[in-house]
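A.B. asks: need a 3D model of the following:
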Amino acid sequence: MNVARLAAVDAAQAARLLSEVRDATLAGQRARVAPRPVIEQSWGRMLRSGVDPDHDFRSGLLPSDEVLRRREESPLRHVLPVLRQGLLSVADVAQHIMVVADADGRVLWREGASPVLRKADGLGFELGADWREDVVGTNGVGTPAVVRRPVQVFAAEHFVRSHASWTCTGAPITDPRDGRLIGVVDVSGPLETMHPATLAWVDSVAKLAEARLRELHRDALERLRSVAAPVLARLDERALVVDRDGWSAAVSGMPYVRRVALPKSLVPGRRWLPSLGLCAVEPLAGGWLLRAAEEPVGTAPRIVLDLARPGHSTLTVSSGAGSWSHELSPRHAELLYLLAAHQAGRGAAALAEDLFGDASRTVTVRAEMSRIRRYCGELLQHRPYRFREDAEFEVLLPDDPRDLLPYSTAPAITRRRTAGPSGGSADR
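C.D. replies: Numbering: from 1, shown residues only. So this is what the prediction gives:
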């Protein structure tokens, strides 16, 4: 069913049809029209997680000072002008509002037509509100954050009945450097404001925001590079200057490393870092100076691949010299899970078959594995690709296998989703 086309012709008829589809599906009956796959899969996640479709649950709003703190720390603040320019002028005319939420689903900015803002208040769509999918059901903020692609949710496609008078279209905004989710931009309004072109429109503006973030990052690295040049010129040892997120600005006496995975709370001193080993860490304006130390670190690492929360995957490594965590992009989460499932190793052709159903797409696989090795360092070996044999390894999985990497369309992962319950973790 083309919901957008039907709603553009007769929104009321489309809403009635979707209400029938929703009621039949949630009752376990066969609907005369099947829900769209992205909606049906979201409804399945809601039923498994215990969200009540007839109860409008609202978690507490964040206090205003916490909203302000999150705004100041969010990279989304840098792209608000892009979002406003691309969305607000049209949203006002079309009786929509623009909502920007962070990666936790918390509403940080909300602007647009005043009458629509008042209606949004009645739905709990307020500043500081929590609109994660597993809290308020299928919606235009939480669902795009889980599936990592733009989603339009119209009328009774919302899981919670009280939201059925609303239409939402959201697109994820990711960090263009590593694919990490940083938030969602959403355009919402009453049913009659629905337009079939809204999905493409919101997605295009989200991509413009990501392009702006990429440009800002290049500028910041250039400024750090100018600071690093005289510092490195005075050193005779191997050294690297990185920004606060580990991206390289300058290097001396060693091969170039595009990015170093840094602990969440890095402090000066001697630290073990992926791909570099033991380093002397010193603060630098806008980043860090990392000087390679000679002493080897011999402690076998512990690796935890956490896939338990849909839409949020992390890799955590601990050793005698400390620990670090890295939030994974969707593609890297897929690849690391596949390697965890094949402990003896997996070649590029086999991984291509697993991911795409096409063993010839080895160039794409090798490029992504090269990016993974930039932050995994010696933890990941190749020929075939595999984790270090001496590492203690654990994979944390969702309680229900159908919630495993819900955005993934990889054939191997789709098969594992439908294989049946397998518990919440796996160890090596």
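
A.B. asks: show me the contacts for the residue nearest to the spatial centre of the chain.
C.D. replies: Closest to where the C-alpha atoms of the chain average out (C-alpha atoms, centre = their mean) is residue 181, at 3.1 Å. Listed by C-beta atoms under 8 Å, 6 or more residues apart in numbering, the contact set of residue 181 reads 103, 145, 148, 172-175, 311-312. In short, each C-beta sits where N, CA and C put it, glycine included.

A.B. asks: do that again at 6 Å, thanks
C.D. replies: For residue 181, the contacting residues are 103, 172, 174, by C-beta atoms under 6 Å, 6 or more residues apart in numbering.

A.B. asks: most neighbours, which of those residues?
C.D. replies: residue 172 (26 neighbours; other C-beta atoms under 10 Å).

A.B. asks: what secondary structure does it sit in?
C.D. replies: Using DSSP: H, G, I helix; E, B strand; the rest coil, the secondary structure recorded for residue 172 is strand.

A.B. asks: so where's the stretch 1-150 of the chain shaky on pLDDT?
C.D. replies: Applying pLDDT under 70 to the stretch 1-150 of the chain flags residues 1, 3-4, 7-9.

A.B. asks: need the helices for it, in chain order.
C.D. replies: Taking DSSP state H, counting those that start in this stretch to define them, one finds helices in the stretch 1-150 of the chain at 3-9, 11-26, 37-49, 64-73, 80-83, 89-93, 114-122, 133-136, 142-147.

A.B. asks: out of these, deepest packed?
C.D. replies: Compared across the helices of the stretch 1-150 of the chain, helix 142-147 shows the largest average neighbour count, a mean of 28 (mean count of other C-beta atoms under 10 Å).

A.B. asks: show me what that helix is packed against.
C.D. replies: If contacts are counted by 3 or more C-beta pairs under 6 Å, 6 or more residues apart in numbering; DSSP states H and E, helix 142-147 sits against helix 133-136, strand 166-174.

A.B. asks: now those as TSV including distance to residue 258?
C.D. replies: Shown next, in TSV, are the helices and strands packed on helix 142-147 (distance: least, C-beta to C-beta, whole Å):
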stretch	distance to residue 258
helix 133-136	33
strand 166-174	18
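
A.B. asks: coming back round to it: in JSON lines: the helices of the stretch 1-150 of the chain, plus distance to residue 247.
C.D. replies: Formatted as JSON lines, the helices of the stretch 1-150 of the chain follow (distance: least, C-beta to C-beta, whole Å):
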{"stretch": "helix 3-9", "distance to residue 247": "39"}
{"stretch": "helix 11-26", "distance to residue 247": "45"}
{"stretch": "helix 37-49", "distance to residue 247": "33"}
{"stretch": "helix 64-73", "distance to residue 247": "18"}
{"stretch": "helix 80-83", "distance to residue 247": "22"}
{"stretch": "helix 89-93", "distance to residue 247": "34"}
{"stretch": "helix 114-122", "distance to residue 247": "38"}
{"stretch": "helix 133-136", "distance to residue 247": "31"}
{"stretch": "helix 142-147", "distance to residue 247": "24"}
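
A.B. asks: of the ones you listed, which is nearest residue 228?
C.D. replies: Of all the helices of the stretch 1-150 of the chain, the one in closest proximity to residue 228, counting by C-beta to C-beta, is helix 64-73 (24.9 Å).

A.B. asks: what's the closest one in contact with?
C.D. replies: By C-beta under 6 Å, 6+ apart, helix 64-73 touches 77, 102, 108, 127-128.

A.B. asks: in strands, which of these appear?
C.D. replies: 102, 108 (DSSP state E).

A.B. asks: how about a markdown table for the contacts of helix 64-73, with distance to residue 6 and neighbour count added?
C.D. replies: Below are these laid out as a markdown table (distance: C-beta to C-beta, whole Å; neighbours: other C-beta atoms under 10 Å):
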| residue | distance to residue 6 | neighbour count |
| --- | --- | --- |
| 77 | 38 | 14 |
| 102 | 33 | 22 |
| 108 | 33 | 21 |
| 127 | 33 | 16 |
| 128 | 35 | 17 |
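
A.B. asks: turn the contacts of helix 64-73 into CSV, columns for distance to residue 39.
C.D. replies: Listed next are the contacts of helix 64-73 as CSV, based on distance: C-beta to C-beta, whole Å:
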residue, distance to residue 39
77, 32
102, 24
108, 26
127, 27
128, 27
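
A.B. asks: nearest to residue 335 among the contacts of helix 64-73?
C.D. replies: Distance ranking of those against residue 335, using C-beta to C-beta, places residue 102 first at 26.4 Å.

A.B. asks: name the nearest residue to that closest one, sequence neighbours excluded.
C.D. replies: Residue nearest to residue 102 in three dimensions, not counting chain neighbours: residue 183, with 4.8 Å by C-beta to C-beta, 6 or more residues apart in numbering.

A.B. asks: quick revisit: quick one: which of the helices and strands packed on helix 142-147 is nearest residue 346?
C.D. replies: strand 166-174 (25.9 Å).

A.B. asks: for the closest one, name the packing helices and strands.
C.D. replies: Applying 3+ C-beta pairs under 6 Å, 6+ apart, we find strand 166-174 packed against helix 142-147, strand 151-154, strand 181-190, helix 198-233.

A.B. asks: residue 61: which of these is closest?
C.D. replies: Nearest to residue 61, of the helices and strands packed on strand 166-174 and by C-beta to C-beta, is helix 142-147 at 16.1 Å.

A.B. asks: average pLDDT for whatever helix or strand residue 393 lives in?
C.D. replies: Assessed by DSSP states H and E, residue 393 sits inside strand 392-396. Strand 392-396 shows a mean pLDDT of 90.
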